[in-house]
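**Q** A predicted structure for the sequence below; I have some questions about it.
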Amino acid sequence: MWAVGELKLPCERIDVGGAFGKTKEPFYLAMNPNSLVPTLEEEDGFTLWESNSVVRYLAGKHGGGLEPADPKVRAKAHQWMDWQLSVLGPAITPVFWGLIRTPPEKRDQAAIDGGKEKTTAAAKIMDEQLGRTRFMAGDAFSYGDIPVGVMIRRYMELVPERPKLANLERWFGEIGKRSPFQEHCGGIPLT
């Protein structure tokens, strides 16, 4: 089963990302020329890559309440998903790669510290939004919460010296209780 929010879909997971170099093989490059994960391949041969595009597609195709019906709320959910790609993800990436994927003797502490500062600034933007709405796009959980939730999980674990952000912490606690989050994000090592 693959879960998007509370939506659970039967699937077969083929872990090519964990097997270094598999994403560079011709079969994979034919599906995803970026050589990155994830890539969705359906039974009819339809392929789609980019995490947020896959989430939007599956939510639209299978329902489950993750895609907001109201076009303005849906646009806000898209906004936060795009913001995760352009602001939050790039901010936390040097922290994640520096602390998790780089041996201590090869770490660039200036890049890690800079990433922590940028991620904290982004988290403050989220905290402000979450002071106005229960979830990122409004008062109901949507696919707009999923990608930022994954990045904020990294932030919570990798930046223990972060400031208190009550709204963000309330939201993270709430999404952290959701069974798909616990199954796919909670308790799973960041490596």
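**A** Nice, thanks for sending it over.
**Q** Any idea which residue is closest to the centre of the chain?
**A** Centroid check for the chain by Cα atoms, centre = their mean gives Pro147 as the closest residue, at 2.8 Å.
**Q** C-terminal to the longest helix along the chain, which secondary structure element comes first?
**A** For the chain, the longest helix by residue count, based on DSSP state H, is helix 109-130. Using DSSP states H and E, the next helix or strand after helix 109-130 towards the C-terminus is helix 145-158.
**Q** what ranges of this structure fall below the confidence cut-off?
**A** The chain contains residues with pLDDT under 70 at 1-9, 13, 17-21, 186-191.
**Q** Let me see the ranges of the helices in it.
**A** 26-31, 51-62, 71-83, 89-99, 109-130, 145-158, 166-176, 179-184.
**Q** could you dump the ones you listed to JSON lines with distance to Asp44?
**A** For the C-beta atoms, the positions are set from N, CA and C on the backbone; glycine is no exception. Below are these laid out as JSON lines (distance: least, Cβ to Cβ, whole Å):
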{"stretch": "helix 26-31", "distance to Asp44": "14"}
{"stretch": "helix 51-62", "distance to Asp44": "12"}
{"stretch": "helix 71-83", "distance to Asp44": "26"}
{"stretch": "helix 89-99", "distance to Asp44": "31"}
{"stretch": "helix 109-130", "distance to Asp44": "38"}
{"stretch": "helix 145-158", "distance to Asp44": "25"}
{"stretch": "helix 166-176", "distance to Asp44": "33"}
{"stretch": "helix 179-184", "distance to Asp44": "25"}
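**Q** Out of the ones you listed, which is closest to Glu42?
**A** Evaluated with Cβ to Cβ, the helices of the chain place helix 51-62 nearest to Glu42, the distance being 9.4 Å.
**Q** Tell me what angle the closest one forms with helix 89-99.
**A** Here the directions of helix 51-62 and helix 89-99 differ by 120 degrees (axes from the mean of the first three to the mean of the last three Cα atoms, to 10 degrees).
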